[in-house]
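Student: please work out how this folds:
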Amino acid sequence: MLYVRWLLVESVRAQYDAFERGFMRVMDSSSLDLLTPGELELLVVGTPDLDFSALMSNTTYEGYTEESEVVQNFWRFVKGASRDTQIKLLKFATGSTRAPIGGLGKLPFKIQRAGPDSMHLPTSHTCFNTLLLPDYDSYDKLVDRVSHAVVECEGFGLQ
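Tutor: Got it, this is the predicted structure:
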């Protein structure tokens with residue numbers, strides 16, 4: 001029992017105290033009484049509902065257009081991907097597995113050209129919700145390269 005208390009309370013006390021101070025600077029304790037636990041979770045971590053059609057309609061492009069073959073192939077891949085792969089793709093491109101309040105249609109997302117066709121993996125700038133996508137010459141290559149990048153994604157090696 002002492003080990004569990006240390007693991008869950010004492011070992012993270014400094015980090016929790018810093019989080020609580022920052023959180024309370026933003027939220028008055030009286031404001032918390034207005035929220036249900038579910039609403040508070042939504043505010044802090046976002047929604048698990050992922051509508052990739054809304055994300056697609058809100059996406060901007062740099063070096064590509066909506067009609068570019070690689071962009072069409074990318075969205076074809078996203079629509080056909082499993083939920084788990086979609087979540088991993090979202091984490092790869094944005095750093096989060098959840099959508100902001102209002103859903104993915106409220107997320108500013110950009111697909112940026114990352115050079116000509118190559119075997120390079122796509123990369124991302126998670127702080128800017130930007131996916132850097134090479135101009136892959138086929139759907140199969142895009143699926144292979146994006147899938148590989150998304151499955152192997154570890155961020156900064158943090159779990």
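
Student: quick one: Tyr61 is in a helix?
Tutor: No: assessed with DSSP: H, G, I helix; E, B strand; the rest coil, Tyr61 is strand; it does not lie in a helix.

Student: can you count the residues close to it?
Tutor: Neighbour count for Tyr61, taken as other C-beta atoms under 10 Å: 15. Quick note: C-beta positions are derived from backbone N, CA and C, even for glycine.

Student: and the pLDDT for the nearest residue to it once chain neighbours are set aside?
Tutor: Spatial nearest neighbour of Tyr61, chain neighbours left out: Ile111 (5.4 Å); criterion: C-beta to C-beta, 6 or more residues apart in numbering. At Ile111, the model reports a pLDDT of 98.

Student: give the next helix or strand downstream of the helix or strand harbouring Ile111.
Tutor: For Ile111, the host element (DSSP states H and E) is strand 110-113. Counting by DSSP H and E, the next helix or strand C-terminal to strand 110-113 is strand 123-125.

Student: which helices and strands does that next one pack with?
Tutor: The helices and strands touching strand 123-125, judged by 3 or more C-beta pairs under 8 Å, 6 or more residues apart in numbering; DSSP states H and E, are helix 83-94, strand 130-133.

Student: buried deepest among the ones you listed, which one?
Tutor: Scoring the helices and strands packed on strand 123-125 by mean neighbour count under mean count of other C-beta atoms under 10 Å gives strand 130-133 as the most buried, with a mean of 22.
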